[in-house]
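> quick one: sequence plus predicted model below, questions after.
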Amino acid sequence: MPGSLEGRVIAIAGAAGNLGPTVVRRLASDGPRLCACGRDRRGLNDLAADVGEIDTDVVDLLDPEATRRWAGELAERHGHVDGLVHLVGGWRGGMPIEESPAEDWEFLSTLLVETVQNATQSFVPLLANNPNGRFVLVSSGQAQAPTHTNAAYAAAKAASEAWTLALAHRLKGTGATANVVVVGAIVTPAMRAEEPARDFSTFTPAEEIAEAIAYLCSDAAASMNGQRLTLRGAF
């Protein structure tokens with residue numbers, strides 16, 4: 001419902017990635033103040049030019065101090081922070097499990113787990129005991145149904161989900177929530193435009209993911225905590 005997030009401040013980590021523009025546009029339609037971070041200023045500038053009035057900050061989420069500083073600056077700038085959406089993603093894999101290089105695990109655990117840890121630890125003081133407090137993680141069905149050629153990726157996603165569910169336990173009874181949106185391979189509007197003849201029927205549309213995130217940030221999901229909202233169909 002347009003305006004359902006009016007007056008709220010929502011931070012979006014990894015907003016300049018493939019999924020980011022669709023999520024930002026969907027959330028913006030509900031009226032919150034959006035605060036996007038990424039590691040690339042050019043990508044953030046492109047996002048702001050595309051979507052409109054949003055805050056943009058270059059932040060290295062692998063740096064705990066820089067992440068805490070970002071959270072503190074948002075709170076000082078706006079007076080409160082009501083939500084954090086984690087869109088940071090990446091993938092390596094495709095090799096048999098016995099051939100999976102250690103470098104893949106090091107890369108994925110850093111990108112997919114440490115960024116979640118740093119971001120949540122920095123924002124929990126702002127979200128806890130806030131009836132509008134929301135944390136949303138976008139994850140993968142690989143975390144529950146891993147394939148051996150994606151072992152490192154699946155393990156990293158499973159770890160980030162476990163951290164999020166532990167956060168939900170921390171938030172229990174405070175009014176704030178933490179939930180996971182589970183998706184398959186993602187198809188964005190840009191991907192459809194680039195390959196109009198390709199069959200994306202088994203992919204999860206970015207628009208559906210954005211809709212789920214908007215729901216989890218809203219009052220309609222106030223009693224939903226520590227849950228997985230799955231958008232990948234039967235497997």
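Perfect, thanks for sending it.
> list the beta-bridge partners for the residue nearest the centre of the chain.
Geometric centre of the chain, nearest residue: residue 86, 2.3 Å, by C-alpha atoms, centre = their mean. When assigned by DSSP bridges, residue 86 has beta-bridge partners residue 13, residue 137.
> that one and residue 13 touch, don't they?
Yes. Counting by C-beta atoms under 8 Å, residue 86 touches residue 13, with 5.0 Å between them. Heads up, the C-betas are built off the backbone N, CA and C, glycines and all.
> between these two, what contacts are shared?
115, 119 (C-beta atoms under 8 Å, 6 or more residues apart in numbering).
> so where's the protein uncertain?
Along the chain, segments meeting pLDDT under 70 span 1-3, 233-235.
> quick check: longest helix of it.
Ranked by residue count under DSSP state H, the longest helix found in the chain is helix 151-171.
> quick one: residues in contact with that helix.
By C-beta under 8 Å, 6+ apart, helix 151-171 touches 91-93, 97, 100, 104-105, 108-109, 111-113, 116-117, 120, 124, 127-128, 133, 135, 137, 139-140, 142-144, 146-147, 177-180, 225-228.
> repeat that for 7 Å
91-93, 97, 100, 104-105, 108-109, 112-113, 116-117, 120, 124, 128, 135, 137, 139-140, 142-143, 146, 177-178, 180, 225-226 (C-beta atoms under 7 Å, 6 or more residues apart in numbering).
> now do the following helix or strand past that helix against helix 151-171, angle only.
Downstream of helix 151-171, the first helix or strand assigned by DSSP states H and E is strand 177-183. Angle, strand 177-183 to helix 151-171, by axes from the mean of the first three to the mean of the last three C-alpha atoms, to 10 degrees: 160 degrees.
> sticking with residue 42, tell me its helix or strand.
helix 41-51.
> so which residues of this protein form strands?
9-13, 33-38, 55-58, 83-86, 134-140, 177-183, 186-187, 204-205, 228-231 (DSSP state E).
> in TSV: these, plus distance to residue 20.
Output for those, formatted as TSV (distance: least, C-beta to C-beta, whole Å):
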stretch	distance to residue 20
strand 9-13	7
strand 33-38	7
strand 55-58	11
strand 83-86	10
strand 134-140	11
strand 177-183	14
strand 186-187	11
strand 204-205	15
strand 228-231	17
